[in-house]
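Visitor: Provide a 3D model corresponding to the input given below.
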Amino acid sequence: MTITENAADLAPAKEVGKARRRKEDARLITGKTTWTDNMVLPGMLHLAVVRSPVAHARITSIDVSAAQQSPNVVAVFTGRDLADEQGSIPCAWPVTPDMVNPGHPSIAVDQVNHVGEAVAIIVARSKVAAQDAVELVDVDYDVLPAVVDMEEAVKEGADLVHDQLDSNTSYHFVFDAGEAGTGSDTEQAFADAEVVVSRRFVQQRLIPAFMEPRSVVVQPQGDNFTMWSATQVPHILRVMLATVTGVPEHKLRVIAPDVGGGFGGKLQVNPEEVLALLVARRLGKPVKWTETRSESLMTAHHGRDQIQYVDAAADRDGTLRGIRVRILADMGAYLRLITPGVPVLGAFMFNGIYKMGAYRFECDGVFTNKVPTDAYRGAGRPEATFAVERIMDELAVELGMDPLELRRKNWINAEEFPYTTVAGMEYDSGDYEAATQTALELIGYDELRAEQRRRRETNDPVQLGIGFSTFTEMCGIAPSRVLGSLSYG
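Guide: I've put the predicted structure just below:
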């Protein structure tokens with residue numbers, strides 16, 4: 001029997017542009033999943049952390065006797081107990097050759113440098129017992145001045161976060177397009193400009209606040225260890241834990257099960273991961289630590305926190321001549337995994353999608369008595385977008401121009417791609433005019449402007465604001481042979 005089939009029926013179905021049905025949702029929303037905190041191992045012990053209530057102080061004494069006698073408490077460790085084992089949490093991004101790194105203990109020994117820093121670890125047979133015993137640890141603090149204002153922190157004679165250092169500045173990073181050969185002399189461009197607008201912007205500190213709190217389980221098997229952690233970077237975590245604790249990398253396995261959110265907040269080597277591994281090695285028992293929501297808000301690394309001084313130089317017709325940026329970037333008390341690199345990532349994005357001849361970026365990494373900052377949602381690039389779009393709005397006001405027309409006058413045109421920016425980055429493609437025009441039509445821009453005018457003319461108590469912001473992103477930076485893990489974005 002011969003069967004003749006229609007050739008069209010044999011053609012493969014098109015996949016490009018076709019919506020893909022999600023496969024993981026049913027398992028996740030019905031609870032048939034594996035979060036780290038769901039794990040229960042035979043004989044597992046629970047950890048709770050005693051944390052500093054003050055931002056800066058010397059530890060004069062720690063009395064753990066009451067906690068040790070609390071029901072179901074197995075052990076209590078202080079920083080001094082673990083001083084010879086804990087090493088220093090690594091910073092993987094030295095942005096300048098002379099960058100100052102004071103080191104970062106997983107648990108304080110003699111001094112605390114931010115609220116929430118660990119000062120003791122409770123090990124108990126249940127989570128409740130461990131948390132109850134936290135209240136029984138008596139710590140005596142000799143409080144020191146807290147450094148919390150970056151502009152004050154960089155002044156001569158300022159109080160120091162780390163008294164072994166000469167200042168609160170970790171590094172000074174500079175990119176100058178004129179010196180790099182990607183643009184013209186910045187100072188000359190500003191001297192020749194018809195208009196210069198200068199502003200100070202504050203990029204607020206924020207908390208990642210992922211849905212699933214951080215959690216870690218460690219199971220020892222002789223001198224081998226398996227760690228389950230709610231982490232974004234299991235491979236990096238294994239390498240760094242081996243470096244810090246001395247456990248050979250081939251004897252340490254790190255598993256990231258289902259992870260309930262991260263957005264950079266779990267791209268980290270956490271003190272509690274180090275401490276869980278150390279305690280499991282000490283006791284030869286599986287251990288679990290899961291933070292409370294309060295701990296997450298207080299001690300998981302924070303994001304952003306910059307003071308930005310931005311200058312824009314232009315002609316009276318709106319032609320942008322150059323941008324000059326100086327920022328103070330809050331490192332917090334310590335340098336975490338990529339803390340110093342986050343603001344530097346933004347160095348090459350402060351020009352945004354705009355053409356100009358001159359550009360200069362300077363950044364000072366500043367220590368304060370606050371929780372360390374690190375990667376969060378774009379890691380330096382959204383901060384740059386905020387600054388360039390705000391200064392474009394301010395320039396439009398100064399020139400009496402429509403903010404959209406000012407942008408149109410200066411953005412890269414579709415026919416100019418691929419385009420190498422003044423910061424030396426190649427943008428491969430784009431059509432900002434077409435995208436903007438589509439957006440204007442979708443929102444009914446002309447009608448909105450008319451409504452805005454009507455409300456202003458009639459002194460309507462509810463006014464209408466209309467703003468514009470463009471955004472471009474560098475991600476998946478290459479080549480990987482040069483940038484290693486940073487090339488995966």
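Visitor: OK, contacts around residue 206?
Guide: By Cβ atoms under 8 Å, 6 or more residues apart in numbering, the contact list for residue 206 reads 302-305, 376. From N, CA and C alone the C-beta is placed, and that goes for glycine too.
Visitor: closest one of these to residue 96?
Guide: Among the contacts of residue 206, residue 305 lies closest to residue 96 (Cβ to Cβ), at 19.7 Å.
Visitor: name the SS class of the closest one, please.
Guide: The three-state assignment at residue 305 reads strand, by DSSP: H, G, I helix; E, B strand; the rest coil.
Visitor: list the contacts for it?
Guide: So residue 305 contacts 203-206, 329-330, 332, 370, 373 (Cβ under 8 Å, 6+ apart).
Visitor: quick one: buried ones out of those?
Guide: Among the contacts of residue 305, the ones that count as buried by 16 or more other Cβ atoms under 10 Å are 203, 205, 329-330, 332, 370, 373.
Visitor: now the two most distant members of the contacts of residue 206.
Guide: 305 and 376 (10.1 Å).
Visitor: any chance of JSON lines for the contacts of residue 305, columns distance to residue 317?
Guide: Formatted as JSON lines, these follow (distance: Cβ to Cβ, whole Å):
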{"residue": "203", "distance to residue 317": "31"}
{"residue": "204", "distance to residue 317": "35"}
{"residue": "205", "distance to residue 317": "39"}
{"residue": "206", "distance to residue 317": "38"}
{"residue": "329", "distance to residue 317": "35"}
{"residue": "330", "distance to residue 317": "38"}
{"residue": "332", "distance to residue 317": "44"}
{"residue": "370", "distance to residue 317": "44"}
{"residue": "373", "distance to residue 317": "40"}
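Visitor: of the residues you listed, which belong to helices?
Guide: When DSSP state H defines the helices, the subset of the contacts of residue 305 inside them is empty.
Visitor: now render these as JSON lines, adding pLDDT and distance to residue 405.
Guide: Conversion of the contacts of residue 305 to JSON lines gives the following (pLDDT from 0 to 100; distance: Cβ to Cβ, whole Å):
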{"residue": "203", "pLDDT": "95", "distance to residue 405": "27"}
{"residue": "204", "pLDDT": "95", "distance to residue 405": "30"}
{"residue": "205", "pLDDT": "96", "distance to residue 405": "35"}
{"residue": "206", "pLDDT": "95", "distance to residue 405": "33"}
{"residue": "329", "pLDDT": "98", "distance to residue 405": "33"}
{"residue": "330", "pLDDT": "98", "distance to residue 405": "36"}
{"residue": "332", "pLDDT": "98", "distance to residue 405": "41"}
{"residue": "370", "pLDDT": "98", "distance to residue 405": "41"}
{"residue": "373", "pLDDT": "98", "distance to residue 405": "37"}
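Visitor: scan this structure for its longest helix.
Guide: Counting by DSSP H, the longest helix found in the chain is helix 381-399.
Visitor: helices or strands next to that helix in the packing?
Guide: strand 195-206, strand 303-314, strand 320-332, helix 403-410 (3 or more Cβ pairs under 8 Å, 6 or more residues apart in numbering; DSSP states H and E).
Visitor: for residue 297, find the nearest of the ones you listed.
Guide: Across those, closest to residue 297 is strand 195-206 (Cβ to Cβ), at 10.7 Å.
Visitor: the closest one: partners in the sheet, and parallel or antiparallel?
Guide: Its sheet considered, strand 195-206 pairs with strand 303-314 (antiparallel) by DSSP bridges.
Visitor: now the angle from the strand it pairs with to helix 381-399?
Guide: 30 degrees (axes from the mean of the first three to the mean of the last three Cα atoms, to 10 degrees).
Visitor: in strand 303-314, what counts as buried?
Guide: So, applying 16+ other Cβ under 10 Å, buried residues of strand 303-314: 303-308, 310-314.
Visitor: turn these into TSV, columns for pLDDT.
Guide: Below are the buried residues of strand 303-314 laid out as TSV (pLDDT from 0 to 100):
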residue	pLDDT
303	96
304	95
305	97
306	98
307	98
308	98
310	98
311	98
312	98
313	98
314	98
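Visitor: what is the nearest of those to residue 277?
Guide: Closest to residue 277, out of all of the buried residues of strand 303-314 and judged by Cβ to Cβ, is residue 303, at 26.1 Å.
Visitor: just list the residues touching the closest one, thanks.
Guide: Counted by Cβ under 8 Å, 6+ apart, residue 303 has contacts 205-208, 264-265, 373-377.
Visitor: hmm, try it at 10 Å
Guide: Contacts for residue 303 (Cβ atoms under 10 Å, 6 or more residues apart in numbering) come out as 203-208, 263-265, 342, 373-380, 382-383.
Visitor: repeat that for residue 38.
Guide: By Cβ under 10 Å, 6+ apart, the residues touching residue 38 are 31, 215, 217, 257-258, 290.
Visitor: picking up where we left off before, overlap in contacts, residue 305 and residue 376.
Guide: Jointly contacting residue 305 and residue 376 under the rule Cβ under 10 Å, 6+ apart are 206, 342.
Visitor: tell me if I'm right that residue 93 and residue 342 touch.
Guide: Yes. Counting by Cβ atoms under 10 Å, residue 342 is a contact partner of residue 93 at 8.5 Å.
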